[in-house]
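# Following is a predicted model, sequence given first.
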Amino acid sequence: MSETVAVIDYGMGNLHSVASALGKVCDQQVLVSSDPAEIARADRVIFPGVGAIGDCMGEIKRLGVDTLLREQIASGKPVLGICVGMQALMSHSAESGNTTCLDVLSGNVEFFGHQLKGDQGEVLKVPHMGWNQVHHNDHPLWADIAQDSRFYFVHSYYVQSTNTEQVMASCHYGVSFAAAVGRSNLFAVQFHPEKSHTAGLQLLHNFVRWNGQS
Amino acid sequence: MGLAKRIIPCLDVDNGRVVKGVQFVDIRDAGDPVEIAKRYNEAGADEITFLDITASHQGRDTTVHTVERIASEVFIPLTVGGGIRSNDDIRRMLNAGADKVGINSAAVHNPDFVKAASDRFGAQCIVVAIDAKQVSGAGEPLRWEIFTHGGRKPTGIDAIEWAARMSEYGAGEILLTSMDRDGTKNGFDLPLTSAITAAVPIPVIASGGVGNLQHLVDGVTDGHADAVLAASIFHFGEYTVAEAKAYMQERGIEVRL
């Protein structure tokens, strides 16, 4: 039987793009699913998310995705969080009037602010939208991705990790922030690999072949 | 080093085919939107904007189907505009694979729609498209107003005030088109572009008038745009996206190569 990748569908965001990008990089069966049993049977799990963190956490709790996700992570199978999915894995977010998150990884989610300044003192636009450089470590998910490659970001809040060992990549936009975090079989990215052309597809290619060990 | 300025080819689509009119009158045919989008994806475009110019008159099923086909083959951000009037329209386009939607006339008719859309789907996918035209005469302080219906209908709304208001209402980005320059190949309206970029904290895409690569550079350095949009210079093979990026980089602009 071929392996399967489940993309958790909890009503937040367009999962079509993630699914078609996965279809481009592997022959594995890709399931966009909200069925806990189906997700539990999958070999790998993707936890996406867009929109406001308060709405996302609301749906995550309402649908029991929090318990499901914790079980998937504990099982040792590879899990990939994307964008707000990554933010939801942290302890706490400043968005939506302060939101308690899943606290699976150490750190908080902060607002870029209305007075964000660049290195030359220029005012930086928020959201951070577009292609920025990602400085990565030697985790297997970065295989065949050149150092400082550009990935597509769109976000107004960023992850500030409190555990440097969990930072898998960093990015700079007025402040330095975590572009990717993870531990053991869990990996999460702030950018959108499914929208990041060659480098993004390579990361997804690496994920669907990853055994969950760093 | 930091965030790259974006180059965004725009596909004006009429009845399933890409077209680009000169000031919306003399329309030429530049082919199949899916093939063109794929070509731009491979050529290094940073995003693609798909503007359905028939949306107000015809059924939208063709558009939805085209968006689905583009999204399954193109792995860069895709914005779809034209005829977006309700949260249902937005949901349909996002489900078809669009990453962002452009809202234009519907925002003018009902500004609260932008608020509702941003609350529901997040600011990251709400682009407010502004068609502006200079209304000040010679010797007067520069002033631009919003026009709808492809530049035919004045609204009396000041363009700078409108952009600031749309940003406050939850737009994640402004797509700014100069109706005076669109199709002329004389370059962006730089005073308009810099006035709008200074007025809003969100990214601004400059559009309308690109005829050569220096115009793209001017849009960033003088207009302070975060992204530059062009159609005909790319569609008809006058320049490639790679040539545009190389030209901008040589002039000190950070781009994704």
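Great, that's in hand.

# switch to C-alpha atoms for all contacts and neighbour counts from now on
Will do.

# all helices of chain A, in order?
If DSSP state H is used as the criterion, the helices of chain A fall at A:16-25, A:36-41, A:53-62, A:65-74, A:84-88, A:197-207.

# and the first one, C-alpha only, in CSV?
Just to be clear, that refers to helix A:16-25. Taking C-alpha atoms only, helix A:16-25 is exported to CSV below (Å, rounded to 0.1, in the frame of the first residue of the first chain):
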residue,chain,number,x,y,z
HIS,A,16,-6.4,23.0,-2.5
SER,A,17,-3.0,24.6,-3.0
VAL,A,18,-1.3,22.5,-0.3
ALA,A,19,-2.9,19.4,-1.8
SER,A,20,-1.9,20.2,-5.4
ALA,A,21,1.6,21.1,-4.4
LEU,A,22,1.9,17.7,-2.6
GLY,A,23,0.5,16.0,-5.7
LYS,A,24,3.3,17.6,-7.7
VAL,A,25,6.1,16.3,-5.5
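
# Tell me the buried residues in it?
A:16, A:17, A:18, A:19, A:20, A:21, A:22, A:23, A:25 (16 or more other C-alpha atoms under 10 Å in any protein chain shown).

# my guess is the fourth one meets residue A:33, correct?
No - when contacts are counted by C-alpha atoms under 8 Å, residue A:19 is not listed as touching residue A:33 (10.9 Å).

# interface residues of chain A facing chain B?
A:13-17, A:20-21, A:50-52, A:114, A:124-127, A:129-133, A:150, A:152, A:154-155, A:172-173, A:194-197 (C-alpha under 8 Å from any C-alpha of the partner chain).

# which of those count as buried?
Neighbour-count burial (16+ other C-alpha under 10 Å) applied to those gives A:13-17, A:20-21, A:50-52, A:124-127, A:129-133, A:150, A:152, A:154-155, A:172-173, A:194-197.

# related to what we said a few turns ago, now, the residues of chain A next to chain B that are in strands?
Mapping the residues of chain A next to chain B onto strands (DSSP state E) picks out A:129, A:130, A:131, A:132, A:133, A:150, A:152, A:154, A:155, A:172, A:173.

# Return the member of these nearest to chain B.
residue A:132 (4.5 Å; C-alpha to the nearest C-alpha).

# Tell me, what's the model's pLDDT at the most centrally placed residue in chain A?
Of all residues in chain A, the one closest to the mean position by C-alpha atoms, centre = their mean is residue A:82, 2.3 Å from it. Model confidence at residue A:82, expressed as pLDDT, equals 96.

# isn't it right next to residue A:48, touching?
Yes - the criterion here is C-alpha under 8 Å, and residue A:82 meets it with residue A:48 at 4.7 Å.

# any residues touching stretch B:95-115, and which ones?
A:14-17, B:64-65, B:67-68, B:71-72, B:77-86, B:90, B:93-94, B:124-131, B:148-149, B:166, B:169-171, B:175 (C-alpha atoms under 8 Å, 6 or more residues apart in numbering or on different chains).

# Now, of those, which are buried?
Buried among the contacts of stretch B:95-115 by 16+ other C-alpha under 10 Å: A:14-17, B:64, B:67-68, B:71-72, B:77-85, B:90, B:93-94, B:124-131, B:148, B:166, B:169-171, B:175.

# Where does pLDDT dip in chain A?
For chain A, applying pLDDT under 70 flags the ranges A:1.

# quick one: buried residues of the longest strand along it?
The residue-count maximum for a strand in chain A (DSSP E) belongs to strand A:175-183. Neighbour-count burial for strand A:175-183 flags A:177, A:178, A:179, A:180, A:181, A:182, A:183 (criterion: 16+ other C-alpha under 10 Å).

# Helix or strand for residue B:161, just tell me which one.
helix B:159-168 (DSSP states H and E).

# Please put the alpha-carbon coordinates of that helix into CSV.
What follows is helix B:159-168, C-alpha atoms only, in CSV (Å, rounded to 0.1, in the frame of the first residue of the first chain):
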residue,chain,number,x,y,z
ALA,B,159,-8.0,58.5,-3.8
ILE,B,160,-5.6,59.0,-0.9
GLU,B,161,-8.3,59.2,1.7
TRP,B,162,-9.9,56.1,0.2
ALA,B,163,-6.7,54.1,0.3
ALA,B,164,-6.2,55.1,4.0
ARG,B,165,-9.8,54.1,4.8
MET,B,166,-9.6,50.8,3.0
SER,B,167,-6.4,50.0,5.0
GLU,B,168,-8.2,50.8,8.3
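
# Just want the angle from the next helix or strand after that helix to helix B:159-168.
Moving toward the C-terminus from helix B:159-168, the next helix or strand (DSSP H and E) is strand B:173-178. Orientation check (axes from the mean of the first three to the mean of the last three C-alpha atoms, to 10 degrees): strand B:173-178 against helix B:159-168 gives 160 degrees.

# Report the mean confidence score over strand B:173-178.
Per-residue scores along strand B:173-178 average to 98.

# again, but for stretch B:81-98
91.

# Could you work out the end-to-end span of stretch A:143-151 for me?
Chord length of stretch A:143-151, first to last residue, is 15 Å (C-alpha to C-alpha, to the nearest Å).

# For that stretch, buried residues please.
In stretch A:143-151, counting by 16+ other C-alpha under 10 Å, buried: A:145, A:149, A:150, A:151.
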